[in-house]
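Asks: What follows is a predicted structure for the sequence shown.
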Amino acid sequence: MNHRRRLYGWLLVGLGFLSVFGSVAAVAAEPSRRERERLDRLARELEGAVIFQRHGHIFRVDLGKWEPVDLGPGEYARWSWDGRWIAVYWRRRLFVIRPDGSGRRLVTDEAWERDGCPIDVHPNNREIITLRQGRSGFWAVEIETGRFRLLTDAQPFTGEPGISRDGRRLVGRVGRVLWAVDLESERAFPYVREACSAAISPDGRWLLNNGDNGNPTHRRLNLRDWEMKTIRTLSADLCEPDREWDNFHWSNLQDYIAVQGDNRGESYVVNVRTREAVRVTWVGDTVYPDLWARLRERRTLGAPSLLERGIARGDVAFRLIGRAEYQTERSSVALLNRDYDRRSSALLLRAVRRPTRAALDFAAYDRNVLYYRPLDRAPVPLPVRELRELNFGVLEPGSLVDRLEETPLTPEERAAPLAWEPLIEYLLAWNFDEGKRLAEAGWAVEEHTWTDDFVPVPYQRIVRLYFHQEGQRLESWVQIEFQPWVSSVPAQDEDEDGYREVYGRLKEGFLSPAILERIRTDYSDRLLSPEEVQEWARVLAERWYGPFFAQLLGAEEISAWFLGLSPALKKILVGPPQVLIRARPREAEIYIGLWIEYASGEP
């Protein structure tokens, strides 16, 4: 009887294999024009592929394409860290295969599966992490010999191992409880309960899961740090058409995860930093996708610019700041196109005097049309009636006002705001632990979702930071801006740009003396050379390439763009910009132009 049942089972498996070979092409659909544009944009940024399981087989789809390649039978698959091979779990056996499916080799027949994906690849690329039959904990099995070694028995894990690139930190699940383990100290702690899909970032700093404590929803991903503080949440509304997700893996890249949709079962690549998701399959029923990729080198971003040709050194230098026809936004930044609308304009043109990092960042980020994100549904009404209810947990009680002139800031202090987002990026890159302290204030404001846990973009965010000297005490004031579709907030739109804003004083503890000194000396006061400005622009275009498909234009392209402007605009602008970035966040192209003025005697 057992032999008959086994034979019957293998017959069904064999029929399943045949159905897979015949069904993929039959059910595969072609992406729409808009979906192809997003797919092409992703492929221009990343070179790599997503693997997934479907109907008992492992498939690979290359980024930029949509027809999957059958790699053979398997239930779960994970990329090696170097992208040279794939680990496959199939009926308690572990195999390794090449990316094209060839060279299948048995590693062990002692693997085990209970809750979700039971494997990951060790960063040494010589071992596969797995559960082992009849044993507790996570084990590492050597590919060449099949020998096992105990990796950790800190908990009786039941699945979903994930490990950091340095091999020091690990996550896994025990039923519906997700655990994090420091493998050096063997310290283990549950980072979320009643959840699933454990994952850890390559640098080991971030923990990810599906659902939340007591709320095992497939509509929300939660990103936490090692101290258990929620950094941000990601709504499944990002993943169209599924709008629910499950069974994800963190890729070899810090910003990217691969996610399985939980309705149609399509696979998506999600940038956790920019909150962008790109659909990469059109076959349905995909399970546990995994991404391996590398950032593409983009020749256009390194093309010679006007800065390299010496134009920025004085050939078209001119004095723009302070002219009556321009709108001065900061003591060293002016908006040149006065008809600018941050929700619809195709041009954002600014002049920068004294090119410090603070001034350049402000010119690039503040009130930028690229960040306009309309909402395709009605937002929830905010359950607040008075400004004092908008504390967000990071502001001093009673400090909130909705007009800048109602703050204690002096005129000089009001004229020196810092753009929040690039400042945080700068500080995190300089000293992660110090920068994280200030970043947490912004994360707390963004994560206040007003019971709308599935909104794809934050209802509000900090956009500017001000400093105020009050006697011997230095105060930090922030401008919090609400999305234009948030109309129920009890605040004014002071500058009539379509975004309501409020101002409040940050509680003490977010800014350390080291951060203040770094901002004062390097960020706000140090002038950048033309070569440093060029490098700043190159990095900015790299950062914007993913969410906005941005490119830094070279000298010839800048000249052609300037010649195509209207005579009236060319007369106002005097000459071509030193920095010009072209982006396409939606259908139309948007240009960000910066005119850099170097004062006499300065670099």
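Replies: That came in fine, so what should we check first?
Asks: For the protein, which segments count as helices?
Replies: Ranges of helices in the chain, per DSSP state H, are 2-27, 33-45, 357-365, 411-414, 420-430, 432-446, 513-518, 530-548, 555-563, 567-573.
Asks: What average pLDDT does the longest one get?
Replies: Averaging pLDDT along helix 2-27 yields 40.
Asks: among the helices of the chain, which is nearest E244?
Replies: Closest to E244 of the helices of the chain, according to Cβ to Cβ: helix 33-45, at 18.5 Å. Bear in mind the C-beta positions are built from the backbone N, C-alpha and C, glycine included.
Asks: what about the closest one, distance to the chain center?
Replies: 17 Å (Cα atoms, centre = their mean, to the nearest Å).
Asks: Kindly spell out which helices and strands sit in contact with that helix.
Replies: Applying 3 or more Cβ pairs under 8 Å, 6 or more residues apart in numbering; DSSP states H and E, one finds that helix 33-45 makes contact with strand 276-279, helix 530-548.
Asks: Kindly reformat the helices of the chain as CSV containing mean neighbour count.
Replies: Shown next, in CSV, are these (neighbours: other Cβ atoms under 10 Å):
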stretch, mean neighbour count
helix 2-27, 11
helix 33-45, 16
helix 357-365, 24
helix 411-414, 12
helix 420-430, 19
helix 432-446, 19
helix 513-518, 14
helix 530-548, 19
helix 555-563, 15
helix 567-573, 13
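Asks: ranges for the strands of the stretch 251-400 of the chain?
Replies: For the stretch 251-400 of the chain, applying DSSP state E, counting those that start in this stretch gives strands covering 256-261, 267-271, 276-279, 287-295, 327-330, 333-335, 347-353.
Asks: And the helices and strands packed on helix 33-45, which one averages the lowest pLDDT?
Replies: In terms of mean pLDDT, the lowest-scoring of those is helix 530-548 (a mean of 88).
Asks: list the helices and strands it packs on?
Replies: Identification of packing neighbours for helix 530-548 by 3+ Cβ pairs under 8 Å, 6+ apart yields helix 33-45, helix 357-365, strand 551-552, strand 579-583, strand 590-597.
Asks: Stretch 254-271 spans what distance, first to last residue?
Replies: For stretch 254-271, the separation between the terminal residues is 9 Å (Cα to Cα, to the nearest Å).
Asks: Please identify which of the helices of the chain is closest to M228.
Replies: helix 432-446 (12.3 Å).
Asks: Now tell me what touches the closest one from outside.
Replies: Outside of helix 432-446, the residues within contact range by Cβ atoms under 8 Å, 6 or more residues apart in numbering are 205, 225, 229-232, 392-394, 420-421, 424, 426-429, 458, 460-462, 478, 480, 506, 509-512, 514-515, 518.
Asks: redo that, cut-off 7 Å
Replies: 229, 231-232, 392-394, 420, 424, 427-428, 458, 460-462, 480, 506, 510-512, 514-515 (Cβ atoms under 7 Å, 6 or more residues apart in numbering).
Asks: Also stretch 255-271?
Replies: So stretch 255-271 is contacted by 42, 50, 52, 199, 218, 234, 238-239, 241-251, 272-273, 277-281, 284-291, 293, 546 (Cβ under 7 Å, 6+ apart).
Asks: Check which residues of stretch 161-172 are buried.
Replies: By 16 or more other Cβ atoms under 10 Å, the buried positions in stretch 161-172 come out as P161, G162, I163, S164, G167, R169, L170, V171, G172.
Asks: among these, which are in strands?
Replies: P161, G162, I163, R169, L170, V171, G172 (DSSP state E).
Asks: what residues are up against L404?
Replies: Counted by Cβ under 7 Å, 6+ apart, L404 has contacts R414, E494, Y503.
Asks: just curious, which of these is nearest to G564?
Replies: Among the contacts of L404, and counting by Cβ to Cβ, the member closest to G564 is E494, at 35.4 Å.
Asks: burial of the closest one, as a residue count?
Replies: 17 (other Cβ atoms under 10 Å).
Asks: ditto for the one 3 residues further on
Replies: In terms of burial, D497 registers 15 neighbours under the definition other Cβ under 10 Å.
Asks: Relative to W206, how far out is it?
Replies: 33 Å (Cβ to Cβ, to the nearest Å).
Asks: Check which residues of stretch 261-271 are buried.
Replies: Of the residues in stretch 261-271, G261, D262, R264, G265, E266, S267, Y268, V269, V270, N271 count as buried by neighbour count, 16+ other Cβ under 10 Å.
Asks: among the helices and strands of this protein, which has the poorest mean pLDDT?
Replies: helix 2-27 (a mean of 40; mean pLDDT, DSSP states H and E).
Asks: now the helices of the chain as CSV including distance to D452?
Replies: Shown next, in CSV, are these (distance: least, Cβ to Cβ, whole Å):
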stretch, distance to D452
helix 2-27, 34
helix 33-45, 25
helix 357-365, 25
helix 411-414, 33
helix 420-430, 22
helix 432-446, 13
helix 513-518, 32
helix 530-548, 22
helix 555-563, 40
helix 567-573, 41
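Asks: Figure out which of those helices is closest to A77.
Replies: helix 2-27 (14.5 Å).
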